[in-house]
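Visitor: Here's my sequence, what's the structure:
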Amino acid sequence: RFGGDYGKVVQGINDTLDAIIGPLNVAAEYVARISQGEVPEEITTEYKGDFNEIKNNLNTMIDRVGAQIMNLTNIPTPIMTIDKDFTITYMNTVGAKLVGLTAKQCEGKKCYDLFKTPHCNTSECRCAQAMQQNAVISGETIAHPGGLSIPIQYTGAPVKDRNGNITGALEYVTDITAVKKAME
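Guide: Next up, the predicted model:
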């Protein structure tokens, strides 16, 4: 809108702001996506100076977080995390398949609605005990996902925030059907 030398100054200021705000917006978007549990694609845009270093650090973080998530996802036993209200915040692929859902579909559901063990909603629940006692606790029970009847050994461990406050529990499950049959 501005003409002459004043227009050039305004354009220079706008270009400078775009060069600063653009990379910051990308970084903010990626941090938001990662905070929601998403592993976004690599940032490929080249930036100048410190902004390129921020981009490289974000890409390194994406690679490392993505690798850790893939490792959990590919473990051949059900693994999930829950919050203090027993709402599933993460379920790996094997656990989701066992209950007939995708991992994303499991999130937000109550663990006791999916696994239906005699320990669920009782003082015998190892995740409840783990959260109450701030300890790793294991036990055996029978899970009834999707109408099945599976003897399991399961372990609950407290999940904490960076301040050490317990925010939920992590549970991993082992199918002990073969062990029970061998004992019989």
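
Visitor: quick one, helices of this structure?
Guide: For the chain, the helices defined by DSSP state H cover 4-35, 50-74, 93-98, 103-106, 111-115, 126-133, 177-183.

Visitor: Confidence-wise, which of those helices is weakest overall?
Guide: Mean pLDDT is lowest for helix 4-35 out of those, coming in at a mean of 78.

Visitor: quick revisit: as JSON lines, the helices of the chain with mean neighbour count and distance to residue 87 would be great.
Guide: Backbone N, C-alpha and C define where each C-beta goes, glycine included. JSON lines is the format used below for the helices of the chain (neighbours: other CB atoms under 10 Å; distance: least, CB to CB, whole Å):
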{"stretch": "helix 4-35", "mean neighbour count": "12", "distance to residue 87": "18"}
{"stretch": "helix 50-74", "mean neighbour count": "14", "distance to residue 87": "18"}
{"stretch": "helix 93-98", "mean neighbour count": "19", "distance to residue 87": "15"}
{"stretch": "helix 103-106", "mean neighbour count": "16", "distance to residue 87": "10"}
{"stretch": "helix 111-115", "mean neighbour count": "20", "distance to residue 87": "8"}
{"stretch": "helix 126-133", "mean neighbour count": "20", "distance to residue 87": "12"}
{"stretch": "helix 177-183", "mean neighbour count": "10", "distance to residue 87": "28"}
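
Visitor: closest to residue 165 out of those?
Guide: Distance to residue 165, taken as CB to CB, is lowest for helix 126-133 among the helices of the chain, at 10.8 Å.

Visitor: Render the CA-only coordinates of that closest one in CSV, please.
Guide: Extracted in CSV, the C-alpha atoms of helix 126-133 (Å, rounded to 0.1, in the frame of the first residue of the first chain):
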residue,chain,number,x,y,z
ARG,A,126,-3.0,-54.1,40.1
CYS,A,127,-3.1,-50.7,38.3
ALA,A,128,-5.2,-49.3,41.2
GLN,A,129,-2.8,-50.8,43.7
ALA,A,130,0.2,-49.5,41.7
MET,A,131,-1.2,-45.9,41.8
GLN,A,132,-2.2,-46.2,45.5
GLN,A,133,1.1,-47.7,46.7
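
Visitor: Please name every helix or strand in contact with it.
Guide: Applying 3 or more CB pairs under 8 Å, 6 or more residues apart in numbering; DSSP states H and E, we find helix 126-133 packed against strand 137-143, strand 150-160, strand 166-175.
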